[in-house]
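Enquirer: what follows is a predicted structure for the sequence shown.
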Amino acid sequence: MDKPILVVAIGGNALLQRGKLMSCENQRKSVAATAQSLAKLSEKYRLVIVHANGPQVGLLALQNLSYRDCPPYPMDVLGAETQGMIGYLLEQGIRKELPHAEVTTLVTQVLVDANDPSIADPSKFIGPVYDRETAEKIEPLSCKKH
């Protein structure tokens, strides 16, 4: 008998916690802990893992802005980059816990309705969160033209 399918949603902040250095090493540590939990779940379920990427795409967007002589990459490309990166790290973590498991990463696209009223009032941010003092200090740097 096949095991039932369980969809597990992992938040981007679960993999790269706000307030911690946004390093690959810290993300690998979070992925390792997540992979241990996923390995336990895999005993009873076939897993489909989905994830968010707010901190990761925010970091890439900031890094993207540091290249003044090159136009920034569009958000959809940054999103695809982070999907691939997170999938890659999750695959490594899961394979360490479950060396014989079949693991596959898919990069996906989402079609967004340009007429959706929520686009005018976004509620989900990406990247780091700053207190007012820090934001005012760095604001002139982030508003420079490319």
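Expert: Looks like it came in fine.

Enquirer: can you point me to the longest helix in the protein?
Expert: Longest helix of the chain, by residue count under DSSP state H: helix 75-97.

Enquirer: pull out the buried positions in it.
Expert: Residues of helix 75-97 classed as buried: 78-83, 85-87, 89-91, 93-94, 97 (neighbour count, 16 or more other CB atoms under 10 Å). All C-beta atoms are positioned from the backbone trio N, CA, C, and that covers glycine.

Enquirer: mind listing what residue 16 touches?
Expert: 22, 26, 27, 30, 55, 56, 59 (CB atoms under 8 Å, 6 or more residues apart in numbering).

Enquirer: cutoff 6 Å now
Expert: Listed by CB atoms under 6 Å, 6 or more residues apart in numbering, the contact partners of residue 16 are 22, 27, 55, 56.

Enquirer: please report how far it lies from residue 42.
Expert: 23 Å (CB to CB, to the nearest Å).

Enquirer: now the longest helix of the chain, how far from the centre of its chain.
Expert: Centre-to-centre, helix 75-97 and its host chain are 8 Å apart (CA atoms, centre = their mean, to the nearest Å).

Enquirer: give the contact list for the spatially most central residue of the chain.
Expert: Centrality entry for the chain: nearest residue to the mean C-alpha point is residue 53, 2.2 Å, by CA atoms, centre = their mean. Counting by CB under 6 Å, 6+ apart, residue 53 touches 12, 82.

Enquirer: coming back round to it: reformat the contacts of residue 16 as a markdown table; add pLDDT and neighbour count.
Expert: Listed next are the contacts of residue 16 as a markdown table, based on pLDDT from 0 to 100; neighbours: other CB atoms under 10 Å:
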| residue | pLDDT | neighbour count |
| --- | --- | --- |
| 22 | 86 | 18 |
| 27 | 93 | 22 |
| 55 | 88 | 24 |
| 56 | 90 | 26 |
